[in-house]
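Colleague: got a structure for you, letters missing:
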């Protein structure tokens, strides 16, 4: 299945882009997609699928947009 | 008034957005760029947002405030881009009939924003820069 990854902040800088498409096996979860993305494993990220916040175990489906959210710094 | 903007925040406009003849208390919180982090001088800040989701979460927080403190009104503006030391990066204004609920609502709003709103902060120092996470 094809999934669009969205990168912000430190991940955007590390990946050199704010988004990219990736091919993943059916049923891959948000957390598994993160591990396969090449992003640093020691960064505690949050996840959003199609702008809804989800946990690492959320399974993805074809066409999903998966955002990786580094630790927040707003305010 | 719930917005992510890419420029100077007009604190007075945010405050005026929550005025009402029925309100005896108007409290404005500014989150301001500070000049040091862990003993190291900070030269400037830079903020990045996921704008549509940030505004959605800010709106949800405002709705929760107005539900928990009925009759209150909230305005919330966060800016992105480079922010000078001493400049506000976020302004939250709360109007309510009485100061007790205004103080509580104001505190709740900024605490929730720091936990939920997809905004990221970078600090610039003399020798480099670093993305800084809010304390849990």
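Modeller: Received it, and whenever you're ready, just let me know what you need. Please read these numbers as outputs of a predicted model, since none were measured by experiment. Numbers count the residues shown, from 1 in each chain, chains lettered A, B, ... in the order given.
Colleague: drop to CA atoms for contacts and neighbour counts, all remaining ones
Modeller: Noted.
Colleague: Let me see the ranges of the strands in chain A.
Modeller: A:2-6, A:19-23, A:46-49, A:52-54, A:65-69 (DSSP state E).
Colleague: Who are the contact partners of residue A:24?
Modeller: Contact partners of residue A:24, counting by CA atoms under 8 Å, 6 or more residues apart in numbering or on different chains, are A:1-3, A:33.
Colleague: Need the residue closest to the centroid of chain A.
Modeller: Centrality entry for chain A: nearest residue to the mean C-alpha point is residue A:68, 3.6 Å, by CA atoms, centre = their mean.
Colleague: ok, now which ones touch residue B:26?
Modeller: Taking CA under 8 Å, 6+ apart as the test, what residue B:26 contacts is B:15, B:18-19, B:93-96, B:99, B:102.
Colleague: tell me the contacts of residue B:119?
Modeller: By CA under 8 Å, 6+ apart, the contact set of residue B:119 is A:72-74, B:47-50, B:54.
Colleague: Now tabulate the residues you listed in CSV and tack on pLDDT and distance to residue B:6.
Modeller: Shown next, in CSV, are the contacts of residue B:119 (pLDDT from 0 to 100; distance: CA to CA, whole Å):
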residue, pLDDT, distance to residue B:6
A:72, 98, 18
A:73, 97, 16
A:74, 97, 14
B:47, 98, 9
B:48, 98, 10
B:49, 98, 10
B:50, 98, 12
B:54, 98, 13
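Colleague: The residue nearest to the centre of chain A contacts residue A:6, correct?
Modeller: Yes - taking CA atoms under 8 Å as the definition, residue A:68 is a contact partner of residue A:6 at 6.2 Å.
Colleague: so which strand or helix has the residue nearest the centre of chain B?
Modeller: Nearest residue to the geometric centre of chain B (CA atoms, centre = their mean): residue B:90, 3.1 Å. If you go by DSSP states H and E, residue B:90 is part of strand B:88-96.
Colleague: Give me the contact list for that strand.
Modeller: Applying CA under 8 Å, 6+ apart, the contact partners of strand B:88-96 are A:75, B:9, B:11, B:14-15, B:17-20, B:22-33, B:71-80, B:83, B:102, B:105-106, B:109-110.
Colleague: Neighbouring strands of that strand in the sheet, and parallel or not?
Modeller: When pairing is defined by DSSP bridges, strand B:88-96 lines up against strand B:25-32 (antiparallel), strand B:73-79 (antiparallel).
Colleague: mind listing what the very next helix or strand once past the first one pairs with, with the direction of each?
Modeller: This means strand B:25-32. Downstream of strand B:25-32, the first helix or strand assigned by DSSP H and E is strand B:36-37. Each strand paired with strand B:36-37, and its direction, by DSSP bridges: strand B:40-41 (antiparallel).
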